[in-house]
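Chemist: Mind looking at a prediction? Sequence and model below.
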Amino acid sequence: DGDVQRLVVVVSGVDSGETLERWQFHVSVEQPNGMDTENSGGNHLNVMKKNSSSSKSAPTKTVKEVHNEIQAIIRQITASVTFLPLLQEPCCFDLLVYTNKEASVPQKWQDSDPRYIVNSQEVKLRGFTTTVHKVDSMVAYREADEWEL
């Protein structure tokens with residue numbers, strides 16, 4: 001029902017505490033009338049954005065087609081080692097889950113800052129759609145020459 005709007009995996013250095021990589025997966029709900037539900041920004045409310053298509057419903061995809069699109073994203077993430085800088089320190093990760101304000105979340109979840117990377121490089125990755133969701137992805141990372149090597 002669109003409670004989760006974005007998932008972000010933050011890779012940070014254990015020793016430095018610096019955010020080194022930020023993998024973002026934006027999730028929107030595709031409506032049958034050709035509209036997407038999208039996060040409107042800081043207020044975490046859903047807004048409707050009309051697609052360029054008419055009010056026809058989205059074509060149905062088979063499970064195999066969806067699996068192929070997800071596999072393509074995984075291959076692209078795996079291939080990102082060709083452009084991402086080598087991580088020079090032990091790392092940990094945090095999972096940030098952006099939800100709408102009305103979503104019920106576990107009590108153990110904590111609010112967090114977005115853990116942006118100042119002066120980052122960003123690469124838009126492949127996205128995929130099902131007949132219900134659309135997922136767009138990107139990675140932001142620190143340039144290697146900014147690090148103390």
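Modeler: Sure thing, it's come through. Just so we're clear, the structure is a prediction, and the values are computed from it rather than from any experiment.
Chemist: got any ranges where the protein has weak pLDDT?
Modeler: Under the criterion pLDDT under 70, the flagged ranges of the chain are 1-2, 31-59, 144-149.
Chemist: ok, which stretches of it are helices?
Modeler: 63-79 (DSSP state H).
Chemist: So which residues of it form strands?
Modeler: 4-13, 19-30, 35-39, 46-50, 91-99, 121-129, 133-141 (DSSP state E).
Chemist: Of all those, which one comes closest to residue 62?
Modeler: Among the strands of the chain, strand 121-129 comes nearest to residue 62, with 12.6 Å by Cβ to Cβ. All C-beta atoms are positioned from the backbone trio N, CA, C, and that covers glycine.
Chemist: thinking again about what came up before, for residue 77, which of the strands of the chain is the nearest?
Modeler: strand 121-129 (7.0 Å).
Chemist: Quick check: buried residues in the closest one?
Modeler: 125, 128, 129 (16 or more other Cβ atoms under 10 Å).
Chemist: ok, back up a step: quick one: closest of the strands of the chain to residue 109.
Modeler: strand 91-99 (7.4 Å).
Chemist: Return the set of buried residues in the closest one.
Modeler: Buried, per 16+ other Cβ under 10 Å, within strand 91-99: 96, 98, 99.
Chemist: Pick the one among the residues you listed closest to residue 75.
Modeler: The closest of those to residue 75 turns out to be residue 96 (Cβ to Cβ; 24.3 Å).
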